[in-house]
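In: quick one, structure for this:
(2 chains)
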Amino acid sequence: DAKTTQPPSMDCAEGRAANLPCNHSTISGNEYVYWYRQIHSQGPQYIIHGLKNNETNEMASLIITEDRKSSTLILPHATLRDTAVYYCIVLTSGNTGKLIFGQGTTLQVKP
Amino acid sequence: DSGVTQTPKHLITATGQRVTLRCSPRSGDLSVYWYQQSLDQGLQFLIQYYNGEERAKGNILERFSAQQFPDLHSELNLSSLELGDSALYFCASTEGTGDSNQPQHFGDGTRLSIL
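Out: Coordinates of the predicted model:
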């Protein structure tokens, strides 16, 4: 599975967009980019995933660069409840789906 | 609510003991994954079951074992417990065998404390 690199921490003002970057320069053509978050010690929460195209759902948007070597998770209007650790994970097709978590990015949303 | 249920939420026991953690996957999901989260190791994959059969193994200790029953619920058994086994244990489920286009959905975990 491709390794990912994320900044250890970021701050965001409440109501503003939070843009969380992820570098996955060794990603292969059949590998998906997944984003999960973990609020305090709760179970990780699935946010969004994508292969090549940009994706949007009710929680966030995922922007994947054309060369697929990096991506950005966008929370359009961050709230205090979005304070969490955000994990970017690259998943290979056919590898049973086990998730390999890195250290993630701790996002602090401030009033 | 992810639809994945884990019991108990908290478990306190002593070294040398044995415990069983239980997970009920989302309705319709056939795969169950177990993960361990300790302070020094982060979130680590332990084992996966699909429709009753073991499908993948991660860094799971020999003192730990798991199984998935015909009703698809799963149990993680931890024996000869050590202080270092204190951690959060999460269960996740997904519909298929782990196709990379299917997200996993996590339960709220069991917090295990070894005294």
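
In: at which residues are the helices of chain A located?
Out: With DSSP state H as the definition, chain A shows no helices.

In: can you give me the strands in it?
Out: A:9-13, A:18-23, A:31-38, A:45-50, A:55-56, A:61-64, A:70-75, A:84-92, A:105-110 (DSSP state E).

In: format those strands as TSV; extra columns: distance to B:Arg55 and mean pLDDT.
Out: Using the backbone N, CA and C atoms, a C-beta is placed for each residue, glycine as well. Formatted as TSV, the strands of chain A follow (distance: least, Cβ to Cβ, whole Å; pLDDT from 0 to 100):
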stretch	distance to B:Arg55	mean pLDDT
strand A:9-13	35	97
strand A:18-23	27	98
strand A:31-38	19	95
strand A:45-50	20	96
strand A:55-56	27	96
strand A:61-64	27	97
strand A:70-75	28	97
strand A:84-92	15	92
strand A:105-110	30	97
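
In: let's have those in JSON lines, adding mean neighbour count and distance to B:Ile114.
Out: Shown next, in JSON lines, are these (neighbours: other Cβ atoms under 10 Å in any protein chain shown; distance: least, Cβ to Cβ, whole Å):
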{"stretch": "strand A:9-13", "mean neighbour count": "14", "distance to B:Ile114": "31"}
{"stretch": "strand A:18-23", "mean neighbour count": "20", "distance to B:Ile114": "35"}
{"stretch": "strand A:31-38", "mean neighbour count": "23", "distance to B:Ile114": "22"}
{"stretch": "strand A:45-50", "mean neighbour count": "19", "distance to B:Ile114": "27"}
{"stretch": "strand A:55-56", "mean neighbour count": "15", "distance to B:Ile114": "41"}
{"stretch": "strand A:61-64", "mean neighbour count": "19", "distance to B:Ile114": "39"}
{"stretch": "strand A:70-75", "mean neighbour count": "20", "distance to B:Ile114": "36"}
{"stretch": "strand A:84-92", "mean neighbour count": "23", "distance to B:Ile114": "24"}
{"stretch": "strand A:105-110", "mean neighbour count": "17", "distance to B:Ile114": "27"}
